[in-house]
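S.K.: Whatever this is, show me its structure:
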Amino acid sequence: MRLLRVELTRLRWRRAVVVLLVACVALPLVLLAGYAWETRPISDADIAQAKEMAAQDAGQPWVAQEVAACEADPEIYLGPDGVATDCAETITPRYENYLYRSELELSTLRTDVGAAVVTILTGLLMLIGTTYAGHDWNTGSMSNQLLFEPRRLRLWAAKGGAVLLTGVLVGTAVLAFFWGAAALLASSRDVAAAPGAWSTIWQTQARGVVAIGVGGLLGYALTMLFRSTVATLSLMFGVAIAGSLVVVAILGDGAARWLLPTNFLAFVLGGFSYYDPSACTQLADGSVTGSCERVLPALDGGIVLGVLVVAAVGLSLWSTQRRDVP
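M.R.: Predicted coordinates for the structure are as follows:
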């Protein structure tokens with residue numbers, strides 16, 4: 001515990017870590033503010049602007065031409081029961097058509113912005129774990145630390161525990177603040193949550209906290225394995241950019257099941273729908289019978305991610321124990 005407290009102090013005083021922690025707080029709030037703006041209620045000013053736009057479009061020559069054509073043959077424009085007297089009202093632009101705006105829905109917030117927040121926090125904690133371990137290797141301080149604590153696995157565990165604990169605490173605090181602000185926003189707009197919505201949200205955020213903490217541990221373990229921040233970051237960007245392409249090239253149409261984003265979202269959201277052409281049948285006329293989507297459960301997604309994390313941690317522990325320290 002004393003060594004863990006020392007590593008937590010060292011982690012806290014790293015300036016790069018502080019900057020990343022600030023980003024962990026700021027970015028989710030920016031996303032929530034953007035969602036709040038996009039779903040804001042329609043104001044009197046919006047209605048006035050919509051009426052002005054509708055009046056401008058109604059005065060365009062094409063409107064009169066379309067109305068005249070409709071009156072000449074209303075069945076083509078309005079259907080079998082259409083009459084000429086309804087053409088002007090139907091075709092002339094109405095201001096209501098200019099006022100569409102998405103409404104605030106907690107379920108949509110969970111699957112869209114909420115999932116994005118968990119993904120961003122996981123990525124930032126991976127960077128924290130990477131820069132924290134990479135600094136010790138780049139500066140050569142790892143050998144000095146081993147003079148005071150020669151048991152390598154004990155030192156690895158203390159550093160990894162500090163990163164994991166930081167990820168869990170940051171994830172818990174940020175997600176709780178995010179959803180507290182979302183609840184206040186919904187209350188201010190008199191938006192009621194659907195039955196069971198908050199239970200689903202908290203389950204999602206609990207899995208999100210696990211993903212965030214383990215993400216930080218994974219970044220730390222990879223850097224302890226490669227002993228280089230640049231190497232770990234290169235691997236991360238390589239997997240993010242080319243990893244999906246490689247999987248698709250190898251597995252073809254069945255690749256969606258094994259993509260990292262698919263498994264990550266399945267674990268965090270409690271299930272994720274993905275396209276699988278083998279789940280449906282294409283007939284000779286080109287039509288498709290059945291649904292071409294499958295649902296990946298959270299457990300299956302978590303198993304895939306868990307195998308990758310366990311493999312990375314195992315290799316990192318082996319490398320720490322066996323390789324020479326410069």
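
S.K.: Show me where the stretch 1-150 of the chain has its helices.
M.R.: 2-12, 15-38, 44-58, 61-72, 74-78, 87-91, 106-109, 115-139, 141-148 (DSSP state H, counting those that start in this stretch).

S.K.: among those, which is the most enclosed?
M.R.: helix 115-139 (a mean of 22; mean count of other Cβ atoms under 10 Å). For the C-beta atoms, the positions are set from N, CA and C on the backbone; glycine is no exception.

S.K.: tell me what that one is packed against?
M.R.: helix 15-38, helix 141-148, helix 152-188, helix 197-226, helix 229-238, helix 260-269 (3 or more Cβ pairs under 8 Å, 6 or more residues apart in numbering; DSSP states H and E).

S.K.: Against residue 113, how distant is the closest residue to residue 114 other than its chain neighbours?
M.R.: Once flanking residues are discounted, residue 114 sits nearest to residue 204: 6.6 Å by Cβ to Cβ, 6 or more residues apart in numbering. For residue 204, the distance to residue 113 (Cβ to Cβ, to the nearest Å) stands at 12 Å.

S.K.: and what of residue 231?
M.R.: Distance, residue 231 to residue 113, using Cβ to Cβ: 33 Å.

S.K.: again, but for residue 31
M.R.: To residue 113, residue 31 is 5 Å away according to Cβ to Cβ.

S.K.: In the stretch 101-250 of the chain, where is pLDDT below threshold?
M.R.: Counting by pLDDT under 70, the stretch 101-250 of the chain shows no low-confidence range.

S.K.: Surely residue 161 touches residue 7?
M.R.: Yes: Residue 161 lies in contact with residue 7 (Cβ atoms under 8 Å); the separation is 7.4 Å.

S.K.: Domains in the protein, by residue range?
M.R.: Under automatic domain parsing, the residue ranges defining each domain of the chain are 2-40+103-322, 44-98.

S.K.: mind listing what residue 232 touches?
M.R.: By Cβ atoms under 8 Å, 6 or more residues apart in numbering, the contact set of residue 232 is 130, 134, 219, 222-223, 226.

S.K.: dump the residue contacts of the nearest residue to residue 211 once chain neighbours are set aside.
M.R.: Excluding the flanking residues, the one nearest residue 211 by Cβ to Cβ, 6+ apart is residue 122, at 5.3 Å. By Cβ under 8 Å, 6+ apart, the contact list for residue 122 reads 211-212, 215, 264.

S.K.: and if we set it to 7 Å?
M.R.: 211-212, 215 (Cβ atoms under 7 Å, 6 or more residues apart in numbering).

S.K.: just those residues now: which is nearest residue 318?
M.R.: Using Cβ to Cβ, residue 215 comes nearest to residue 318 of the contacts of residue 122, at 21.3 Å.

S.K.: Correct me if wrong: that closest one contacts residue 126.
M.R.: Yes: the criterion here is Cβ atoms under 7 Å, and residue 215 meets it with residue 126 at 4.8 Å.

S.K.: mind checking how far the residue nearest the centre of the chain is from residue 109?
M.R.: The structure's the chain has its C-alpha centroid closest to residue 116; by Cα atoms, centre = their mean the separation is 2.3 Å. Applying Cβ to Cβ, the value for residue 116 to residue 109 is 10 Å.
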